[in-house]
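Engineer: When you get a sec, could you give me coordinates for this:
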Amino acid sequence: MPELPWFAPHRPAPHAEVHAMASRFETRTLLGAFRFFARTPRIMWQIRTAPGAHGVTLRARLLRRTFWTLSVWESPEALHRFAGSDPHRSSARALKALMKGSDFVSWTTGADALPLDWSDALQRLDGNRT
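Structural biologist: Presented below is the predicted three-dimensional model:
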């Protein structure tokens, strides 16, 4: 299934500390997974112009009804501004009833660590479940 390559809309300053966030979403049904995936292009386009966005990638396993995101922001506030604006905000509200579960984990890292590694992000998400 699809994995969108790392995209960096705005480069952080060298040696800057950045805010990373990984998420995992699972839908209740396969139809829900297709609805989730159908909204992905608009959200990815939004990130391209979001102030403070330093990188993003997505993994989608439609038949498993599971999606992972990995993004980097200049600050937690930049991430919250993005999440609270449309189309992300309206998409999250529309999809809420279709979701079986979700997990989130955030951490700080150096700009020199970009692009982030999926294996580290997945370990952090798995550690967050316990």
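Engineer: And the most centrally placed residue in the chain, which helix or strand is it part of?
Structural biologist: With distances taken as C-alpha atoms, centre = their mean, Thr69 lies nearest the centre of the chain, 3.1 Å away. Following DSSP states H and E, the helix or strand that holds Thr69 is strand 66-73.
Engineer: one step back: correct me, but the residue nearest to the centre of the chain touches Ile47?
Structural biologist: No - here Thr69 lies out of contact with Ile47, judged by C-beta atoms under 8 Å, at a distance of 9.7 Å. Every C-beta, even on glycine, is put in place using the N, C-alpha and C of the backbone.
Engineer: what sits in contact with each of those two?
Structural biologist: Counting by C-beta atoms under 8 Å, 6 or more residues apart in numbering, the residues touching both Thr69 and Ile47 are Val56.
Engineer: re the thing from before, in the helix or strand just after the strand holding Thr69, what's buried?
Structural biologist: The first helix or strand that comes after strand 66-73 along the chain, using DSSP H and E, is helix 76-83. Buried residues in helix 76-83, counting neighbours by 16 or more other C-beta atoms under 10 Å, are found at Ala78, Leu79, Phe82.
Engineer: Pull the residues that contact helix 76-83.
Structural biologist: Residues outside helix 76-83 that contact it (C-beta under 8 Å, 6+ apart): 19, 21, 46-47, 50-53, 71, 73, 88-89, 92, 106.
Engineer: before we move on, what about stretch 24-44?
Structural biologist: Against stretch 24-44 from outside (C-beta under 8 Å, 6+ apart): 4, 7, 56, 58, 60, 62-63, 65-69, 87-88, 91, 94-95, 98-103, 125.
Engineer: Need the CA coordinates for it. CSV is fine.
Structural biologist: The C-alpha trace of stretch 24-44 is given here as CSV (Å, rounded to 0.1, in the frame of the first residue of the first chain):
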residue,chain,number,x,y,z
ARG,A,24,-1.6,6.0,14.1
PHE,A,25,-5.2,5.8,13.0
GLU,A,26,-7.4,2.7,12.6
THR,A,27,-10.8,2.9,11.0
ARG,A,28,-13.7,0.6,12.0
THR,A,29,-14.5,-0.5,8.4
LEU,A,30,-12.8,-0.7,5.0
LEU,A,31,-15.2,1.9,3.7
GLY,A,32,-14.0,4.2,6.5
ALA,A,33,-10.4,3.6,5.4
PHE,A,34,-11.2,4.6,1.9
ARG,A,35,-12.9,7.8,3.2
PHE,A,36,-9.9,8.5,5.3
PHE,A,37,-7.5,8.0,2.4
ALA,A,38,-9.7,10.1,0.1
ARG,A,39,-9.1,13.1,2.3
THR,A,40,-5.3,12.7,2.3
PRO,A,41,-4.5,14.8,-0.7
ARG,A,42,-6.2,17.9,0.7
ILE,A,43,-4.4,17.6,4.0
MET,A,44,-1.0,17.0,2.3
